[in-house]
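> Sequence below, structure please.
(one chain, ligands or ions: 1)
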Amino acid sequence: MSNLNEYDIQFLIEKLQKGEPIPEDYKYKLFPIKQKEYELVYAGKMRKEDILANEDGVFPVPLQVEKVFNGEEYPSGNDEWRNMIVFGDNLQFLKTVYENKDPLIKDKVKGKVKLIYIDPPFGTGDEYDANRGQKAYSARAKGAEFVEFLRRRLILAREILADDGSIFVRMGYHFGHYIKVIMDEVFGKENFRNEFIVKRGAPKAGLIEQFEKIKSVGVFYDVLYWYSKNVNTLFNKILRQANKNQKVGKWSSFKKIYDRPTMRYEIEGINLKKGQWMWGKERAYQAVENYKKFLEITNRTKESLEEYWKRTGKCLEFVRRNGNSIQYWVSPRESVLVDNNWLDIKGYDHVTDYPTENAEELLARIMQITNSGDLVLDFFAGSGTTAAVAEKLGRRWIVCDIGKLAFYTMQKRILTIQDSKDLDNPNKKYGKKARSFITVNTGLYDLKKVFELKKDDYIKFVMNLFEVEPVDKRIAGIKIDGQKKDGYYCIIYPYWQFKEAAVDEEYLEDLHSHIGKKIGERLYIIAPANYVDFITDYHQIEKTRYYFLKVPYQIIRELHKVQFKKFRQPQSKRNVNDLEDAIGFHFIRQPDVETRILKKNGKLEIHITKFLSNYLEEETGNELSNFESLAMVLIDKDYDGSAFVMDEFYFAEDLIGKKKEETEEDIREDLKHKEKIIIPLQLEECGEKIMVVYIDIYGNEFKEVFTL
Ligand SMILES: C[S@@+](CC[C@H](N)C(=O)[O-])C[C@H]1O[C@@H](n2cnc3c(N)ncnc32)[C@H](O)[C@@H]1O
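Predicted coordinates for the structure are as follows:
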């Protein structure tokens, strides 16, 4: 090691032998920085190679298709492509794409993504306004932690871009400059294309104006950083609508101040000593001819130059002599090339009710650099603006988000896209149904490996997981495998016997015909999730509810042998963006939910009397109280029996019945003291069936359908 002399080597050996720390000065001698003029240095910055080799403890995860939408109307076609809404942590998802093994994405995504747009949480650590003045944003990770959070994802993002792909990253003023430095490192300074300014919510000047002196002024814009993967790539033009003046044709001087002698020649009897003409000789002469021809024709037709230009296909150019000057005709323009000031369009919008929803026109402007059929990715997808615009513009798309509200908001947005605004004419509806898309879960479990477990291991494993005590019992000839703490029995669906069958209505009817009269109100059935044909969590026949305990969800922990953090779902809207560096799995244990639906004087009410997450609270080690872990209730008021299309959502905070502005701790305290939660619904807005999804803070869901 040429950086170290004899003395250094001896000194280091001694330090190491004594187990003493190595002085900071040796950092650069031991790990010299190659080819970098400067870089951002902070605690916890991991080497790119280590991140790509999963040394950060985050691994690729299996992708599981949850549901196919519009599959019949729009079969996936020859290339077997379906657009995707992915639920899960984006780092895991990006690593899965990078690994390029999962059959769902193998050879279809890595190296094929033409455009990535992301609008990550801005890492401010404090709350600030989004679109309608509501507090929408609170990103918890601070400083270096936030920068590294994003850097790891950007490193993966670069790897999966197509060679001619590029990325747009939206940032606020708090961290934008750090992220720009990081992007220089990750993508290379030479790949920086532009920094754009885009509108954020208008600053509240009112408050500042009350004071004599100020500390600072309001903030009007966010920034977008545009980086390409390769220096030489050229992109389609990004255009914006022309303004009034640009929409009419006008004559303008043909003389330019640049000074290229080859561009000086005689035209209509005028020559130049200095400066230059705008075009080369041939082009200019042709334009002179065009104008003379027009004069000839207009004598007869009396049409204006603009009318003539339109009639002849909008492609002719004209040059004329006017007094002592030469002029060329600037044709009327519908659109002009943008510069990097994008304050002419909206930055945020509120088509959905999701905080920090970006404006569709912003995404439509960006997507001009791509072509129809190109693959577009947004892995901080939120309300799914990128997906909606890509869908409308005929691009293929993948979006990913870790929040349940985002997941269901996007699902609804795409399923009802026909009713949303047309991009070209906002007074019109878009009118077309979405092409086929799938919803995908990440990080659940590796089903194949579960199936490889020997039968006895599997039984032991799932009993443990769902806390079922084994019993040796038969009821009406049916073997009962165990009993839950609540006293109800449980059977383990023997999928190894029925590889082609599933837990469906026929199976339950048959089971019910044997034991229905003897089993009581409830029977648990443990089965791998894809062996259960119901999307709800129980199915009722007469007085018995058959509850499905789907899948050994914890298997992923067993398989990867790493300690996962559970990711948390927010309990109030303003904390939607708290979800951050969460790696791990979801659906640990289905919450225990008891509800009733009541019809009174033309009104409907859902009464929730019990909502219990069935495990120890992670941080405190305390048992969770009733309602304490409730995060959200989502409602489809007219459930069609197959797809859950969210109509309404309530955060736990909305269900407490108090004014807002509480902290998360206050919300939990209030929830603990609730005896019942009532959600009123308008009967006339409801269809025959209502589907409700109850979600706990760890993302566990309980789904039920009420038939009116
Ligand atoms: C500012 S919002 C994006 C808004 C989006 N551009 C739109 O138009 O609605 C940021 C999103 O990042 C998501 N998010 C935060 N951490 C994440 C992670 N680790 N993986 C995936 N999504 C994450 C949040 O749930 C949130 O929806």
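> what about residue 545, neighbour count?
Neighbour count of residue 545, defined by other CB atoms under 10 Å: 17. Every residue, glycine included, has its C-beta placed from N, CA and C.
> List the contacts of the helix or strand where it lies.
With elements taken from DSSP states H and E, the one containing residue 545 is strand 544-550. Strand 544-550 is contacted by residues 462, 466, 490, 503, 508, 511-512, 516, 519-529, 532, 534, 537-540, 587, 590 when judged by CB atoms under 8 Å, 6 or more residues apart in numbering.
> buried subset of the residues you listed?
Buried positions within those, assessed by neighbour count (16 or more other CB atoms under 10 Å), are 462, 466, 490, 503, 508, 511-512, 516, 519, 522-529, 532, 534, 537-540, 587, 590.
> Run through the neighbouring helices and strands of the strand or helix carrying residue 11.
Per DSSP H and E, residue 11 falls inside helix 6-18. Under the contact criterion of 3 or more CB pairs under 8 Å, 6 or more residues apart in numbering; DSSP states H and E, helix 6-18 touches helix 26-30.
> CA atoms of whichever helix or strand comes after the helix it packs on as PDB?
Next along the chain after helix 26-30, taking DSSP H and E as the criterion, comes helix 48-52. Backbone C-alpha positions of helix 48-52 (Å, rounded to 0.1, in the frame of the first residue of the first chain) are rendered in PDB as follows:
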ATOM      1  CA  LYS A  48     -22.200   1.500  -3.700                       C
ATOM      2  CA  GLU A  49     -20.800  -2.000  -4.200                       C
ATOM      3  CA  ASP A  50     -22.100  -3.000  -0.700                       C
ATOM      4  CA  ILE A  51     -25.500  -1.700  -1.400                       C
ATOM      5  CA  LEU A  52     -25.700  -3.600  -4.600                       C
END
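> what's next to helix 48-52, contact-wise?
Identification of contacts with helix 48-52 by CB under 8 Å, 6+ apart yields 56, 98, 152, 155, 156, 159, 186.
> Give the rounded mean pLDDT of stretch 62-69.
Mean pLDDT, stretch 62-69: 83.
> can you tell me how far residue 114 sits from residue 370?
Distance, residue 114 to residue 370, using CB to CB, to the nearest Å: 5 Å.
> which residues do those two both contact?
Counting by CB under 8 Å, 6+ apart, the shared contacts of residue 114 and residue 370 are residue 376.
> and the residue of the stretch 601-708 of the chain nearest the ligand?
residue 699 (11.4 Å; CB to the nearest ligand atom).
> can you pull the pLDDT of residue 373?
Predicted confidence (pLDDT) for residue 373: 95.
> how close does it sit to residue 70?
18 Å.
> which one of these two has more residues nearby?
Ranked by neighbour count (other CB under 10 Å), residue 373 and residue 70 place residue 70 first, with 18 against 11.
> From residue 430, how far out is the more buried one?
Applying CB to CB, one obtains 14 Å for the distance of residue 70 from residue 430.
> follow-up on the earlier one: just give me the neighbour total for the residue of the stretch 601-708 of the chain closest to the ligand.
25.
> Give the helix, strand or coil label for it.
Following DSSP: H, G, I helix; E, B strand; the rest coil, residue 699 is assigned to coil.
> and it, what are its phi and psi?
Main-chain dihedrals, residue 699, degrees, to the nearest 10: phi 90, psi 0.
> Let me know whether it touches residue 405 as I believe.
No: applying CB atoms under 8 Å, one finds residue 699 not in contact with residue 405, separated by 10.8 Å.
> Mind exporting the C-alpha coordinates of stretch 392-407 to PDB?
Below are the C-alpha coordinates for stretch 392-407, written out as PDB (Å, rounded to 0.1, in the frame of the first residue of the first chain):
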ATOM      1  CA  LYS A 392     -53.400   8.300 -20.700                       C
ATOM      2  CA  LEU A 393     -50.300   8.700 -22.900                       C
ATOM      3  CA  GLY A 394     -50.000   5.000 -23.800                       C
ATOM      4  CA  ARG A 395     -46.800   4.500 -21.900                       C
ATOM      5  CA  ARG A 396     -46.300   1.300 -19.900                       C
ATOM      6  CA  TRP A 397     -45.900   1.900 -16.200                       C
ATOM      7  CA  ILE A 398     -44.900   0.500 -12.800                       C
ATOM      8  CA  VAL A 399     -45.600   2.300  -9.600                       C
ATOM      9  CA  CYS A 400     -44.700   1.400  -6.100                       C
ATOM     10  CA  ASP A 401     -45.700   2.700  -2.700                       C
ATOM     11  CA  ILE A 402     -45.400   1.500   0.900                       C
ATOM     12  CA  GLY A 403     -48.600   3.100   2.200                       C
ATOM     13  CA  LYS A 404     -52.000   1.300   2.200                       C
ATOM     14  CA  LEU A 405     -53.800   4.500   1.400                       C
ATOM     15  CA  ALA A 406     -51.600   5.200  -1.500                       C
ATOM     16  CA  PHE A 407     -52.100   1.600  -2.700                       C
END
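> Any idea how far it is from the middle of the chain?
5 Å (CA atoms, centre = their mean, to the nearest Å).
> And for stretch 344-359?
Distance, stretch centre to chain centre, for stretch 344-359: 14 Å (CA atoms, centre = their mean).
> quick check: mean pLDDT across it?
In this model, stretch 344-359 has a mean pLDDT of 92.
> before we move on, what about stretch 95-108?
Stretch 95-108 comes out at a mean pLDDT of 94.
> Quick check: residue 359 vs residue 178, distance?
According to CB to CB, residue 359 and residue 178 sit 25 Å apart.
> Between its first and last residues, how far does stretch 390-403 reach?
Stretch 390-403 has an end-to-end distance of 21 Å (criterion: CA to CA, to the nearest Å).
> Go through it and flag the buried ones.
Neighbour counts using 16+ other CB under 10 Å place 390-393, 395-403 of stretch 390-403 among the buried residues.
> Pull up the gap between residue 342 and residue 178, please.
Residue 342 is 22 Å from residue 178, by CB to CB.
> cool, residue 145 as well?
Separation of residue 145 from residue 178 (CB to CB): 12 Å.
> between those two, which one's more packed in?
Between residue 145 and residue 178, counted using other CB under 10 Å, the more crowded position is residue 178 (19 against 16).
> List the contacts of the helix or strand hosting that one.
Counting by DSSP H and E, the element that carries residue 178 is helix 176-187. The contact list for helix 176-187, computed with CB under 8 Å, 6+ apart, reads 36, 39-40, 48, 147, 150-151, 154-155, 158, 167, 169, 171, 192, 195, 222-223, 225, 227-229.
> So for the chain, the centremost residue is which one?
Closest to where the C-alpha atoms of the chain average out (CA atoms, centre = their mean) is residue 381, at 1.6 Å.
> what sits against that one?
Residue 381 neighbours (CB under 8 Å, 6+ apart): 85, 387, 399, 400, 401, 406, 410.
> ok, so what distance separates residue 286 from residue 237?
The gap separating residue 286 from residue 237 is 24 Å, by CB to CB.
> Among these two, which residue is more densely surrounded?
Neighbour totals were compared for residue 286 and residue 237, and residue 286 leads with 15 against 11 (other CB under 10 Å).
> Show me how far the helix or strand hosting the more buried one is from its chain's centre.
Residue 286 belongs to helix 281-301 when assigned by DSSP H and E. Relative to its parent chain, helix 281-301 has a centroid offset of 54 Å by CA atoms, centre = their mean.
> Quick check: buried residues in the helix or strand just after that helix?
Per DSSP H and E, the first helix or strand lying C-terminal to helix 281-301 is helix 305-311. By 16+ other CB under 10 Å, the buried positions in helix 305-311 come out as 305, 308, 309.
> got it, and stretch 63-72?
In terms of neighbour count (16+ other CB under 10 Å), stretch 63-72 has its buried residues at 63, 64, 66, 67, 69, 70.
> Closest to residue 421 out of the residues you listed?
Nearest to residue 421 among the buried residues of stretch 63-72 is residue 70, at 20.0 Å by CB to CB.
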